[in-house]
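Asks: I'll drop the sequence and a predicted model, then ask my questions.
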Amino acid sequence: ADESRETVDAAYNAIRRQYKDIILTEIDGKEAEEIDSALRGMYDAYESIYNLVIYPIGSASAFETELQGYIDSFINSDDALSLFLDD
């Protein structure tokens, strides 16, 4: 509620630039593939959340249901990614 359209768009654009830099990195191996898959899943969920919030359609309950699905996908991908980042 404290965010404006401009701050949301600025954060989104910064994340898109960082995501592009990461996915253009070419590293081979099973672990790299799993990290890539988790990161892509996390980004896809984030992008879906952004689009839903910026361009909402449908009823409030449909919005809530769809948003929760994207949040769950984001969390699942984040959990998968954290397996590679934790010590």
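Replies: That came in fine, so what should we check first? Quick caveat, the model's predicted, so the values are computed rather than measured.
Asks: tell me which helix or strand of the chain sits lowest on mean pLDDT?
Replies: The helix or strand of the chain with the lowest confidence, counting by mean pLDDT, DSSP states H and E, is helix 5-23 at a mean of 89.
Asks: what's the next secondary structure element after that helix?
Replies: Going down the chain from helix 5-23, the next helix or strand is helix 30-54, by DSSP states H and E.
Asks: Report the buried residues of the least confident helix or strand of the chain.
Replies: 12, 19 (16 or more other C-beta atoms under 10 Å). To be clear about C-beta, it is placed using only N, CA and C from the backbone, and glycine gets the same treatment.
Asks: Next, the angle helix 30-54 makes with that helix.
Replies: Counting by axes from the mean of the first three to the mean of the last three C-alpha atoms, to 10 degrees, helix 5-23 lies at 160 degrees to helix 30-54.
Asks: Can you tell me what sits against helix 5-23?
Replies: The contact list for helix 5-23 (C-beta atoms under 8 Å, 6 or more residues apart in numbering) reads 36, 39-40, 43, 46, 50, 53-54.
Asks: let's see 7 Å
Replies: For helix 5-23, the external contacting residues (C-beta atoms under 7 Å, 6 or more residues apart in numbering) are 39, 43, 46, 50.
Asks: want to throw those residues into a markdown table with neighbour count and pLDDT?
Replies: What follows is those, written out as a markdown table (neighbours: other C-beta atoms under 10 Å; pLDDT from 0 to 100):
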| residue | neighbour count | pLDDT |
| --- | --- | --- |
| 39 | 18 | 91 |
| 43 | 19 | 94 |
| 46 | 20 | 94 |
| 50 | 17 | 93 |
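Asks: residue ranges with poor pLDDT in the protein?
Replies: 1, 86-87 (pLDDT under 70).
Asks: try 80
Replies: Scanning the chain for pLDDT under 80 picks out the ranges 1-2, 85-87.
Asks: can I have stretch 3-11 written out in CSV, keeping just the CAs?
Replies: The C-alpha coordinates for stretch 3-11 follow below in CSV (Å, rounded to 0.1, in the frame of the first residue of the first chain):
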residue,chain,number,x,y,z
GLU,A,3,4.3,1.8,-3.0
SER,A,4,3.4,3.8,-6.0
ARG,A,5,3.2,2.6,-9.6
GLU,A,6,6.6,4.3,-10.3
THR,A,7,8.4,2.5,-7.4
VAL,A,8,6.8,-0.8,-8.4
ASP,A,9,7.9,-0.3,-12.0
ALA,A,10,11.4,0.8,-11.0
ALA,A,11,11.9,-2.3,-8.9
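Asks: I'm done for today, thanks for sticking with me.
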